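Asks: sequence unknown, structure follows:
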């Protein structure tokens, strides 16, 4: 079968797909204009990859498409309504990356609190020439209050690390109560405003939806303690980035740790890159070799199932399967 692979598909998985199918792989191209990509798209029965904007415009050029297999847990790059209208299956790769992203998020908590990146530069640049003073001190993580916005699988894994390893008090805000977190980690459910006012560390880990777009902005940053540390491990669009910059520059919050941005890759003139109290990562939350390989393998499993008339294990738009099997 004809398969279009885009951006991030690990080599062993790509080779396995090529052994059984007609696969064309594309990386670092403009999917709107690249002629070879558009030619492959016109014949593709399946798409596998990361970050391809699958919208109405693209789907009009893909008349044979049966399934789109995202190599990620998030799928805000997919127009699910349009895919469902056309009876095209959409899949993702949940659960596999939970612990890896939780490790990264907690790493940002530690790095911002203890100023690890800043002090690493301080040592390497030869500035450590005498005894340290309190201007170099960070803040404790243990026994502090961690507020988690979005208590899904990853939020739960972060709570586990914080409660069991650092004796932190867990506060959380989510669409629904999470009895598992409350029972296992003594987590306290709060309204968003209450959490923002109470927490020492605030970790945002929601998906990007219409409801969460711009969820944290000027008002929310002003509700936080001036000693609060803000961590964004969700999507760049869940916050108003300029409002975060202003909050940091005006000392409304202490620091921030970021893995995501409004524009990615981040532009080099972005003020976030000039602030010492910000730790910046290149949207690498799930990117360890082990996890990336497992995600590619699961995405290929979803793809193969859909192409061969079986229900993919991680089907997002289940109504398509029902329609195809009436």
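Replies: Received the coordinates, thanks. Source: prediction; values computed, not measured. Numbers count the residues shown, from 1 in each chain.
Asks: residue 176 versus residue 163, what's the distance?
Replies: Using CB to CB, to the nearest Å, one gets 20 Å for the distance from residue 163 to residue 176. Every C-beta, even on glycine, is put in place using the N, C-alpha and C of the backbone.
Asks: those two: which is more packed in?
Replies: residue 163 (18 against 7; other CB atoms under 10 Å).
Asks: check contacts around the residue lying closest to that one once chain neighbours are set aside.
Replies: Using CB to CB, 6 or more residues apart in numbering and skipping residues adjacent in sequence, the residue nearest residue 163 is residue 185, 4.0 Å away. Residue 185 is in contact with 159-160, 162-164, 170, counting by CB atoms under 8 Å, 6 or more residues apart in numbering.
Asks: now swap in residue 9 and tell me
Replies: Counting by CB under 8 Å, 6+ apart, residue 9 touches 17, 25, 48-50, 71, 296, 299-300.
Asks: likewise residue 193?
Replies: With contact set as CB under 8 Å, 6+ apart, residue 193 has these partners: residue 223.
Asks: that one: what secondary structure?
Replies: helix (DSSP: H, G, I helix; E, B strand; the rest coil).
Asks: now it: how far from residue 225?
Replies: Taken as CB to CB, the span from residue 193 to residue 225 is 13 Å.
Asks: element containing the residue of the chain positioned farthest from its centre?
Replies: Ranking residues of the chain by C-alpha distance from their mean position (CA atoms, centre = their mean) puts residue 130 at the top, at 40.5 Å. Counting by DSSP states H and E, there is no helix or strand that carries residue 130.
Asks: before we move on, back to that, need the max-distance pair from the contacts of residue 185.
Replies: The span of the contacts of residue 185, defined through CB to CB, is set by 164 and 170 at 10.5 Å.
Asks: ok, those two, which is more surrounded?
Replies: Higher neighbour count among residue 164 and residue 170: residue 170, with 24 against 11, using other CB under 10 Å.
Asks: in its sheet, what does whichever strand or helix holds that one sit against?
Replies: Applying DSSP H and E as the criterion places residue 170 in strand 169-173. Take DSSP bridges as the rule and strand 169-173 pairs in its sheet with strand 145-149 (parallel), strand 188-189 (parallel).
Asks: what sits up against that strand?
Replies: Outside strand 169-173, the residues that touch it by CB under 8 Å, 6+ apart are 143-151, 155, 159, 162-163, 178, 181, 185-192, 195, 198-199.
Asks: buried set for stretch 134-145?
Replies: 138, 141, 144-145 (16 or more other CB atoms under 10 Å).
Asks: helix or strand right after the top helix by length along the chain?
Replies: The longest helix of the chain (DSSP state H) is helix 289-307. Scanning forward in sequence from helix 289-307 by DSSP H and E, the next helix or strand is helix 318-324.
Asks: contacts for that following helix, please.
Replies: By CB under 8 Å, 6+ apart, the list of residues contacting helix 318-324 from outside reads 83-84, 87-90, 311, 315.
Asks: with stretch 264-283 instead?
Replies: 104, 108, 111-112, 115-118, 236, 241, 244-245, 248-249, 254-261, 263.
Asks: and stretch 73-92, by the same measure?
Replies: 51-56, 59, 65-70, 72, 93-97, 207-209, 235, 286, 299, 302-303, 306, 312-317, 319-321, 323-324.
Asks: make it 7 Å
Replies: Stretch 73-92 is touched from outside by 51-56, 59, 65-70, 72, 93-94, 97, 207-208, 235, 302, 306, 312, 314-317, 319-321, 323-324, with contacts defined as CB atoms under 7 Å, 6 or more residues apart in numbering.
Asks: again with stretch 226-241
Replies: 76, 101, 104-105, 108-109, 112-113, 150, 199-208, 212-218, 251-262, 264, 285.
Asks: buried subset of those residues, written for ChimeraX?
Replies: Here is the ChimeraX command that selects the buried residues among those (16+ other CB under 10 Å):
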select :76,101,104,105,108,109,112,113,150,199,200,201,202,203,204,205,206,208,212,215,216,217,252,253,254,255,256,257,258,259,260,261,262,285
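Asks: sort out for me which of the contacts of stretch 226-241 are in strands.
Replies: Counting by DSSP state E, the part of the contacts of stretch 226-241 found in strands is 201-204, 255-258.
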